[in-house]
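Asks: sequence isn't available, so here's the structure alone:
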Ligand code: DX5
Ligand code: ZN
């Protein structure tokens with residue numbers, strides 16, 4: 001995969017919410033490929049963030065696809081509201097859901113793309129049964145809950161195993177990686193099979209979100 005094909009996915013978790021529209025314009029103009037919205041419920045993870053209302057505002061402010069990352073205990077209950085609000089991808093954690101296959105179907109039936117996220121301690125076996133039924137696999141390189149945590153390089157073997165499985169089985173899914181990603185480690189992530197790089201701090205805490213996107217793109221050889 002060349003640097004131009006790698007998708008850069010800003011997570012608005014670290015954006016300046018007093019100027020969300022401007023931040024979104026800056027990353028879109030700089031060539032971002034998708035917008036990541038981190039949804040936390042204070043139960044599945046020890047933090048509270050955004051709901052469908054924010055997705056609806058993001059939808060009005062950008063033409064980029066929206067990727068809603070649900071870190072919540074009731075993804076079945078809330079997934080439809082995120083789709084109605086304009087999410088293109090709805091991504092949830094399999095362990096948070098009694099019947100992941102049913103929810104994947106429900107998301108597809110409502111016209112959105114579906115993904116599964118995998119926390120650092122969890123093995124690929126957790127998502128293995130669903131690989132044919134998902135459009136995106138989100139490999140976490142931090143324990144979810146907060147922006148600004150350190151990248152866990154020990155997740156890389158799991159990422160490359162997933163990339164290998166994708167090649168072997170010719171799976172049609174996007175491999176997205178999330179947590180602690182910045183210009184210093186983006187290339188490692190891509191070399192291990194990452195196709196879409198989520199970044200909050202590296203983009204929005206740099207003082208210039210557009211520059212943050214360009215720096216990530218340059219780091220993977222596409223700038
Ligand atoms: C972590 C979230 C991530 C987070 C990434 O729980 O799922 O998407 O926003 O933030 P950074 O890039 O700062 O690690
Ligand atoms: Zn996320």
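Replies: Great, that's in hand. This is a predicted model, so every value here is computed, not measured. Numbering: from 1, shown residues only. Ligands and ions are numbered 1, 2, ... in the order given.

Asks: surely residue 53 is in contact with residue 82?
Replies: No. Look at residue 53 against residue 82 with CB atoms under 8 Å: they stay out of range, at 10.4 Å. Where you see a C-beta, it was placed from the backbone N, CA and C, and this is true even at glycine.

Asks: so these two - more neighbours on which side?
Replies: residue 82 (27 against 10; other CB atoms under 10 Å).

Asks: tell me if I'm right that that one and residue 69 touch.
Replies: No. Look at residue 82 against residue 69 with CB under 8 Å: they stay out of range, at 10.1 Å.

Asks: quick one: furthest residue from the center of the chain?
Replies: Within the chain, the residue lying farthest from the chain centre (CA atoms, centre = their mean) is residue 168, at 23.6 Å.

Asks: so what sits against both of residue 82 and residue 69?
Replies: Residues touching both residue 82 and residue 69 (CB atoms under 8 Å, 6 or more residues apart in numbering): residue 39.

Asks: could you check which residue of this structure lies nearest ligand 2?
Replies: residue 69 (3.8 Å; CB to the ion).

Asks: sec struct for that residue, please.
Replies: strand (DSSP: H, G, I helix; E, B strand; the rest coil).

Asks: spell out which residues of this structure are next to ligand 1.
Replies: Within the chain, the residues that sit near ligand 1 (CB under 6 Å from any ligand atom) are 11, 13-14, 36, 38, 69, 142, 144-149, 178-181, 198-202.

Asks: show me which of those residues are buried.
Replies: By neighbour count, with 16 or more other CB atoms under 10 Å, these hold 11, 13-14, 36, 38, 69, 142, 144, 146-147, 178-181, 198-202 as buried.
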